[in-house]
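1. Using only what follows, build the 3D model:
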Amino acid sequence: MSARPVRAEDLEEARLAEVDAEFMRDFGPDFAGWQPWQVEQYLDAVAKVHAEFSPQGVAA
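-> Reported below is the predicted structural model:
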């Protein structure tokens, strides 16, 4: 059995899918029907995932 390298992009996408599943489970699948505080929590969670996987010290 050989180890397969995993790309950071794949890990990020998997984590984003987990965030989506968690929020869909908690708040329902109709994003348009979410309350503003729910949308804010979701966007914060997505931003945290992106920050976790973003290169450090790179100017935007």
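2. burial count for the residue nearest to residue 38 when sequence neighbours are not counted?
-> Closest residue in space to residue 38, ignoring its immediate chain neighbours: residue 27 at 4.9 Å, by Cβ to Cβ, 6 or more residues apart in numbering. Yep, even glycine has a C-beta here, placed from its N, CA and C like the rest. For residue 27, the count of nearby residues is 16 (other Cβ atoms under 10 Å).
3. wouldn't residue 27 be in contact with residue 34 here?
-> Yes. Counting by Cβ atoms under 8 Å, residue 34 is a contact partner of residue 27 at 5.3 Å.
4. Give me the common contacts of those two.
-> Jointly contacting residue 27 and residue 34 under the rule Cβ atoms under 8 Å, 6 or more residues apart in numbering are residue 42.
5. residues touching the residue positioned nearest the centre of the chain, list them.
-> The centroid of the chain falls nearest to residue 16 when counting by Cα atoms, centre = their mean (2.7 Å). Residues in contact with residue 16 (Cβ under 8 Å, 6+ apart) are 46, 49.
6. Can you show me the helices along this structure?
-> 8-27, 36-53 (DSSP state H).
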